[in-house]
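In: I would like to see how this sequence folds:
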Amino acid sequence: MKTFHCQYCGHPVFFENVQCLQCGSTLAFLPDRMNMAAVEEAKPGSGLWRPRVRGRRAAAAAAQYRMCRNNVQYQACNFMVPQADPNPYCAACRLTRVLPDLSQPENQQRWYRIEVAKRRMFYTLAKLGLLSPAPKDGASDGPVFEFLADLPGQPVMTGHCNGVITLNVVEADDAERVARRVALHEPYRTLLGHMRHESGHYYWDRLVADAGREDSFRELFGDERQDYPQSLEAYYANGPKADWRECCVSAYATSHPWEDWAETWAHYLHMVDLLETAASYNTHLKVGGADDELEEVTNPFETGMPDFQALVEQWVPVTLLVNSLNRSLGQEDAYPFALSPAALEKLRFVHDLIREVKAHGMPAAAEAATACTHA
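Out: Purely as a prediction, here's the structure:
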C-alpha cells in the first residue's frame, strides 16, 4: 500500500487515517477516485461532505459524499459513498453480508480489524481491475463476505463457496492466530493473507472456470477434479510433500491444486502491494550485480501492467531488504519464502490472467461457481 498525502496541506497520511495530524482535516478514502482526501461538511447538519481544498478549486470541491453507515454507527470505516449512490454502505462494506454478534464487545474489535484487512485487499483488487471501486446504482462488485464467530457445537470454518468467503472472526485475535500458525506450520498467517488467499478461490471461478482455462491451469497446478476433502485430510495427516519448495510457493499449496492456486494468487497480491509500497518511498536498489547502477522500484499499478520478469527482478531484492530491516529490529523475516522456477511460472500464469482482465475486462460469470474450499 502506498502512502498518501493530505490534499489540503500535503502532509503524508496513511490508508486507515481519519484525521491529518498536521492540519487537523478530517480524512476519508474516496473509492471513486481511489485516493485519500481531506474532507469537510458541505453544509452543517446535512450529512454531506466535500473535498477540502485550498483556494476553493471548484472542480475538486463540487463532488459531495456521505460517510459510510459503518462509520456513522460504529466508527469502523473511513470510506465514503458518492452522494448519488443510493447504498448507505461504501463499496467495500457492502460486500459484507453477515456479521458476528456485535453486542459482544470482543466481536466489535475483531470485526474492525477484519474490515481493515478487507479494505486493503479491496484497494489492491480495484487497482488490478478485478472489481469496480464505484459500482453503479448501489450495486456491489466482488466476493461476498460472512464474518462469523464460533457458537457451542457450531465451529466456523474459514473458506470459500459459490462466491462467498467465510472468515472465523477469532482469526483477528493475535494470540489465537499465532497459535494456529504454529500448530499448522504456516510461517505467514495474517488477516490480510487470509483475505488474499480466499479471494484466490473466488477468482479461480471467475478467471479460470468461467473463462474455460481449466486445461492450461491443469498443466501447471494439477487436476483440480481430484477429491478435495480427501486431499486435505491426507495433507493434515501426512504433512506436505518433501519437495514442496521445488514446485510451490508454500507447503500448504501441495494439499490440492485449488490451494496451490490460492496460495500463488495471494503471493502475487503480496508482490504487487509490496512493490507499490516500495515505489511510494522512492526506493532504489540494485537488481543485478554489485557494479550495476541503482534502479528505481516500479509501481506496478501505474505502469500499465509491467512485464512479469521485471516485477520478479525487483521483488527479490525488495524482500531481502524487508527481511534485513526486520532482523535489525530483532524480528523474524517478514517474507520467509524462496520462490523456485516452478513457483515463478505459476505466478506468471496469475500475472498473465490479470493482464488479460486489464486489457479486456472480466469474463462473464457462469450461472454457478464450481469451487467450495476451506482453509
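In: element containing residue 342, please.
Out: If you go by DSSP states H and E, residue 342 is part of helix 341-360.
In: quick check: the residue sitting nearest the centre point of the chain vs residue 1, distance?
Out: Taking Cα atoms, centre = their mean, the centroid of the chain lies closest to residue 121, which sits 2.1 Å from it. Distance of residue 121 to residue 1, computed by Cβ to Cβ, to the nearest Å: 10 Å. Quick note: C-beta positions are derived from backbone N, CA and C, even for glycine.
In: kindly report the same for residue 123.
Out: Look at residue 123 and residue 1: by Cβ to Cβ, they are 7 Å apart.
In: between those two, which one's more packed in?
Out: Ranked by neighbour count (other Cβ atoms under 10 Å), residue 123 and residue 1 place residue 123 first, with 22 against 17.
In: verify the contact between that one and residue 16 for me.
Out: No - applying Cβ atoms under 8 Å as the test, residue 123 and residue 16 come out as separate, 11.2 Å apart.
In: coming back round to it: buried sites along the helix holding residue 342?
Out: Neighbour counts over helix 341-360 (16 or more other Cβ atoms under 10 Å) mark 343-344, 346-351, 353-357 as buried.
In: ditto for stretch 301-319
Out: 301, 305, 306, 308, 311, 312, 314, 315, 317, 318, 319.
In: where is pLDDT lowest across these?
Out: Across the set of the buried residues of stretch 301-319, residue 305 stands lowest in pLDDT, at 77.
In: residue 277 reaches residue 2, doesn't it?
Out: Yes - contact criterion Cβ under 8 Å: residue 277 and residue 2 qualify, at 6.2 Å.
In: where does the stretch 1-150 of the chain dip in pLDDT?
Out: 55-61 (pLDDT under 70).
In: which residue packs closest to residue 1, ignoring adjacent ones?
Out: The shortest distance from residue 1 to any non-neighbouring residue, by Cβ to Cβ, 6 or more residues apart in numbering, is to residue 15 (5.4 Å).
In: from residue 101, how far off is that neighbour?
Out: 28 Å.
In: who has more neighbours, the two?
Out: Each of residue 15 and residue 101 has its neighbours counted (other Cβ under 10 Å); residue 15 has more, 16 against 12.
In: and that one, that's in a helix?
Out: No - Residue 15 is assigned coil when assessed by DSSP: H, G, I helix; E, B strand; the rest coil, not a helix.
In: contact partners for it?
Out: Contact analysis of residue 15 by Cβ atoms under 8 Å, 6 or more residues apart in numbering lists 1, 4, 29, 36, 119, 120, 123.
In: I'd like the residues you listed as JSON lines, with distance to residue 149 and secondary structure appended.
Out: Listed next are the contacts of residue 15 as JSON lines, based on distance: Cβ to Cβ, whole Å; DSSP: H, G, I helix; E, B strand; the rest coil:
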{"residue": "1", "distance to residue 149": "28", "secondary structure": "coil"}
{"residue": "4", "distance to residue 149": "33", "secondary structure": "strand"}
{"residue": "29", "distance to residue 149": "27", "secondary structure": "strand"}
{"residue": "36", "distance to residue 149": "31", "secondary structure": "strand"}
{"residue": "119", "distance to residue 149": "21", "secondary structure": "helix"}
{"residue": "120", "distance to residue 149": "22", "secondary structure": "helix"}
{"residue": "123", "distance to residue 149": "26", "secondary structure": "helix"}
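In: neighbour-wise, which one of these leads?
Out: Among the contacts of residue 15, the one with the most neighbours (other Cβ under 10 Å) is residue 29, at 25 neighbours.
In: chain neighbours aside, what residue packs nearest to that one?
Out: Among residues not flanking residue 29 along the chain, residue 79 sits closest, at 5.0 Å (Cβ to Cβ, 6+ apart).
In: around the one you found, count how many other residues there are.
Out: Neighbours of residue 79 using other Cβ under 10 Å come to 23.
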